[in-house]
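Peer 1: This is a predicted model, with the sequence first.
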Amino acid sequence: IAKHKLPERLEVMKDFPLRSFLGTHPDLCYALGIACILFEMSFPLWLFWRRPRLAGGRPFRVLVIMSLVTAGASALLDNVTTVVLVAPVTIYLASVLRVNPMPLLLAEVFASNIGGASTLIGDPPNILIGSAAGINFVEFFLAMAPISAIGMLALIGLSWLFWRRELQPSEETIAAVDEM
């Protein structure tokens, strides 16, 4: 980087003290390490591929499980990254379940935002808030997790209200999932 000029919009970041920032926030390093280990072990992929069987081929149950997994992943990763990783699998699962993927994708987007709000690393503004307020990862999580849990309950309830007819299981769906 020293030999090359940074683009103008990145010029302001060249003096950002990343090492000292992570040194004052070791909880972020631990959380990022855990996320990297889980993803290296393909743990989320196992959950994603197993979800239809875990839910018995019932699309609304899949929506709930997918939303919870997405919220959990979003607490450890950035929201956009989580949705980008989950969306292709969701579209595949919707085709297996023979349902419209839109309710599943929308629920994941909402769950990603709710889960990301529960930790310092889930949303970029949370890092700024935690740094300015001098709050560490655990304190932030303990303050925000109950609010995120209420948000997830509201999401599941509203999803049932709006999409229950669209996500009704059929005998074909259950048979297709049994063949997976």
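Peer 2: Alright, I've got the coordinates.

Peer 1: my read: Asn126 touches Phe140, true?
Peer 2: Yes: the pair Asn126 and Phe140 qualifies as a contact (Cβ atoms under 8 Å) at a distance of 6.9 Å. Backbone N, C-alpha and C define where each C-beta goes, glycine included.

Peer 1: can you list residues touching both of those two?
Peer 2: Thr119, Leu120 (Cβ atoms under 8 Å, 6 or more residues apart in numbering).

Peer 1: Go through the helix or strand containing Val86 and flag the buried ones.
Peer 2: Element membership of Val86, judged by DSSP states H and E, is helix 79-97. Buried residues in helix 79-97, counting neighbours by 16 or more other Cβ atoms under 10 Å, are found at Asn79, Thr82, Val83, Leu85, Val86, Ala87, Val89, Thr90, Leu93, Ala94, Leu97.

Peer 1: For Glu172, see how far away the first one is.
Peer 2: Distance, Asn79 to Glu172, by Cβ to Cβ, to the nearest Å: 34 Å.

Peer 1: picking up where we left off before, now whichever helix or strand comes after the helix holding Val86 - C-alpha only, CSV.
Peer 2: Note on helix 79-97: by DSSP H and E, the next helix or strand toward the C-terminus is helix 101-116. The C-alpha trace of helix 101-116 is given here as CSV (Å, rounded to 0.1, in the frame of the first residue of the first chain):
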residue,chain,number,x,y,z
PRO,A,101,-38.9,-17.9,-1.9
MET,A,102,-39.9,-14.3,-1.2
PRO,A,103,-41.4,-14.9,2.3
LEU,A,104,-38.3,-16.9,3.3
LEU,A,105,-35.9,-14.3,1.9
LEU,A,106,-37.8,-11.4,3.5
ALA,A,107,-37.9,-13.1,6.9
GLU,A,108,-34.1,-13.7,6.6
VAL,A,109,-33.4,-10.0,5.8
PHE,A,110,-35.5,-8.9,8.8
ALA,A,111,-33.9,-11.6,11.1
SER,A,112,-30.4,-10.5,9.9
ASN,A,113,-31.1,-7.0,11.0
ILE,A,114,-32.6,-8.1,14.3
GLY,A,115,-29.7,-10.4,15.0
GLY,A,116,-27.1,-7.9,13.9
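
Peer 1: change the start of the numbering to 160 and stick with it
Peer 2: Understood, numbering begins at 160; the last thing we discussed is helix 260-275.
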